[in-house]
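Participant: model the following, please.
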Amino acid sequence: MPGVQRDPVSVQFDAASARLLRRAYERKGEWAGTYVRNPGAEWLAWGLRNGVNLLGPDNAPGGQARTRWARAFVRSAFYQHRWFYYPSQGLVLGARRNSPWGRPLQYEVGTVRLTPAGLVVGRAVRVRTQSGGQAAQRAAAQLPDSKRIYNDDGSPGPRFSSIAGRDW
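Facilitator: Next up is the predicted model:
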């Protein structure tokens, strides 16, 4: 979207999400995972100044990234996958595509990682690439309506998220 800036929280995850994506591309269809550490004091202060609780619940439809912080990591991964992946070359961060790459990327945000003292360090995040075409159509057809980003007719579904509805 012309004139729309990326949010600064997801931008700071670009290097980490690129490493995760490269591992996922090497193992097509298999999960590649990492842990996303909780924000440090600087980011927590940034969030307070901007009215965003980075450790608050994910406010995107479905809330599947669990926290706003983990959602920013997921946004970074999707952005890079969509705009910097080339099938013949992999992820080329210095060369933005003219049109978005359309192959699906699936993510899951899971368990909390704790220190031996029981303090939360971060969350497990994993991604995998999926094939497009008929296999993707069959997989999408099996999703319950509540999990759909788009409906079969192309209209926004219950998990659709518009940039206009974001507070960052």
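Participant: in the protein, what secondary structure element scores lowest on mean pLDDT?
Facilitator: In the chain, the helix or strand scored least confidently by mean pLDDT, DSSP states H and E is helix 133-141, which has a mean of 69.
Participant: domain ranges for the chain, per the record?
Facilitator: Split into domains by automatic domain parsing, the chain comes to 8-93+100-129, 131-162.
Participant: pick the most buried one from those.
Facilitator: Highest mean neighbour count among the domains of the chain (mean count of other CB atoms under 10 Å): domain 8-93+100-129, with a mean of 16. Every C-beta, even on glycine, is put in place using the N, C-alpha and C of the backbone.
Participant: may I have the distance across that one, first residue to last?
Facilitator: Terminal residues of domain 8-93+100-129 are spaced 25 Å apart (CA to CA, to the nearest Å).
Participant: which residue lies farthest from the center of the protein?
Facilitator: Centroid-distance maximum for the chain: Ala117 at 29.5 Å, with CA atoms, centre = their mean.
Participant: tell me how far it lies from Lys28.
Facilitator: Distance, Ala117 to Lys28, by CB to CB, to the nearest Å: 39 Å.
Participant: now Arg49
Facilitator: Arg49 sits 41 Å away from Lys28, going by CB to CB.
Participant: weakest of the domains of the chain in terms of mean pLDDT?
Facilitator: Per-stretch mean pLDDT for these is lowest at domain 131-162 (a mean of 66).
Participant: what residue lies at the spatial centre of the protein?
Facilitator: Central residue of the chain (CA atoms, centre = their mean): Val74, at 1.8 Å.
Participant: please, which helix or strand holds it?
Facilitator: helix 68-84 (DSSP states H and E).
Participant: paired strands for the following helix or strand past that helix, with orientation please.
Facilitator: Sequence-wise, the next helix or strand downstream of helix 68-84 (DSSP H and E) is strand 85-86. Paired strands of strand 85-86, with direction, are strand 90-91 (antiparallel) (DSSP bridges).
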